[in-house]
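1. mind folding the following:
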Amino acid sequence: MKAYLFPGQGAQFSGMGKDLYEKYDIAKRLFDEADQILGFNITSLMFAGSDDELKQTRVTQPAIFLHSVILASVLGNSFRPEMVAGHSLGEFSALVTNKTLSFADGLVLVSKRAMAMQKACGVRPSTMAAILGLDDAVVEEVCAAIDEVVVPANYNSPGQIVISGSVEGVDAAIEILKEKGAKRALKLAVSGAFHSPLMEPARMELEKAIASTSFSKPVCPVFQNVNALPSSDPSAIRENLVAQLTSPVRWTQTVRNMIAAGASSFTEVGPGTVLQGLVKKVDKDIEAVSATA
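-> Numbering: from 1, shown residues only. Next up, the predicted model:
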């Protein structure tokens, strides 16, 4: 079975999607529609924006979503998903491509999510850090023992976890994790503590937006971040999508569960190749490639 994966924030680059716009009528139509929905020219920012412009959360998240969804659209009949998953933001791309959400509704939710997350980041100084070379249980134990907000946020692959929380909490965790033998403990260039309790204000805003959005029964299951399990039930998908903002992304478990469910190859749809690398770290023998139009 073929599994499709959709990347999250961090995979953006200037020029993303321009080749699709110039080559495919459906891509041009969707980019033009996106500019109207968002109320600003995201197309020009994607095609010619600076790194600083593309790093703004309000731009980054819709841009990556658009690249992924439009790439899937131009693949036409060759895009036949039997199971899908997306990393954080990428879950919204996955839900459009498996017909749970319409293109317009997916884009609106992504934009609202981005703005809510950006606002939440301003409430309290917070950050994230990548921890390499330790067992999950060690990282979990250290985070739980710190008297500050700091939690595992992304279980990316065996021996690679991202932690998230207050600046004080993350700093304290980094020092202890280094003492525990972490190969690397490096702060990330992000604006806040994604997938942590500090995103609660954003979660509440997103919950309202999702409650007023139509969700359909998908054409194939989506393996969701919060529990790494497949779902085809619109109500469950809604709940998990809301919970995602303050819960960890269980990507290692997701890939393992997709393989156990019959996935024999993985195709990454969108900018970058990060997810392919993570799949290979979970199972070096599995096929993982990029979608090409």
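
2. count residues in the vicinity of residue 209, would you?
-> 16 (other Cβ atoms under 10 Å). From N, CA and C alone the C-beta is placed, and that goes for glycine too.

3. scratch that, residue 67
-> 25.

4. distance of the closest residue in space to residue 139 that isn't next to it in sequence from residue 193?
-> Among residues not flanking residue 139 along the chain, residue 161 sits closest, at 4.9 Å (Cβ to Cβ, 6 or more residues apart in numbering). Note on residue 161: its distance to residue 193, by Cβ to Cβ, to the nearest Å, is 14 Å.

5. doesn't residue 207 belong to a helix?
-> Yes - looking at residue 207 with DSSP: H, G, I helix; E, B strand; the rest coil, it is inside a helix.

6. what is the burial count for it?
-> 16.

7. and the gap between the residue lying closest to it once chain neighbours are set aside and residue 235?
-> Nearest non-adjacent residue to residue 207, counting by Cβ to Cβ, 6+ apart: residue 242, 4.7 Å away. Distance of residue 242 to residue 235, computed by Cβ to Cβ: 11 Å.

8. out of these two, which sits in the more crowded spot?
-> Shown here are residue 242 and residue 235; by other Cβ under 10 Å, residue 242 has more neighbours (19 against 9).

9. contacts only, for the more buried one.
-> Going by Cβ atoms under 8 Å, 6 or more residues apart in numbering, residue 242 touches 203, 206, 207, 210.

10. which helix or strand contains it?
-> Residue 242 belongs to helix 234-243 when assigned by DSSP states H and E.

11. average pLDDT across the helix or strand following that helix?
-> Downstream of helix 234-243, the next assigned helix or strand under DSSP H and E is helix 251-260. For helix 251-260, mean pLDDT is 98.

12. give the contact list for residue 65.
-> Residue 65 touches 89, 92, 93, 96, 106, 107, 110, counting by Cβ under 8 Å, 6+ apart.

13. by mean pLDDT, which helix or strand of the protein comes out lowest?
-> Every helix and strand of the chain was ranked by mean pLDDT, DSSP states H and E. The lowest is helix 51-55, at a mean of 89.

14. so how far is residue 285 from residue 52?
-> On the measure of Cβ to Cβ, residue 52 and residue 285 end up 40 Å apart.

15. now for the helix or strand encompassing residue 116, which elements pack on it?
-> Residue 116 is part of helix 103-121 when elements are defined by DSSP H and E. Judged by 3 or more Cβ pairs under 8 Å, 6 or more residues apart in numbering; DSSP states H and E, helix 103-121 is in contact with helix 25-38, helix 57-74, helix 90-97, helix 200-211.

16. how about the ones you listed in JSON lines, adding mean pLDDT and distance to residue 275?
-> As requested, the helices and strands packed on helix 103-121 are exported to JSON lines (pLDDT from 0 to 100; distance: least, Cβ to Cβ, whole Å):
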{"stretch": "helix 25-38", "mean pLDDT": "98", "distance to residue 275": "22"}
{"stretch": "helix 57-74", "mean pLDDT": "96", "distance to residue 275": "11"}
{"stretch": "helix 90-97", "mean pLDDT": "98", "distance to residue 275": "8"}
{"stretch": "helix 200-211", "mean pLDDT": "97", "distance to residue 275": "23"}
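
17. assign a three-state SS to the residue nearest to residue 234 when sequence neighbours are not counted, would you?
-> In space, and not counting its chain neighbours, residue 234 is closest to residue 215: 3.9 Å by Cβ to Cβ, 6+ apart. Look at residue 215: counting by three-state DSSP, its state is coil.

18. surely residue 215 and residue 240 touch.
-> No - the pair residue 215 / residue 240 is not scored as a contact, 11.3 Å apart, by Cβ atoms under 8 Å.

19. so who does the nearest residue to residue 203 once chain neighbours are set aside touch?
-> Nearest non-adjacent residue to residue 203, counting by Cβ to Cβ, 6+ apart: residue 245, 4.2 Å away. Residues in contact with residue 245 (Cβ under 8 Å, 6+ apart) are 113, 117, 194, 195, 199, 202, 203, 206.
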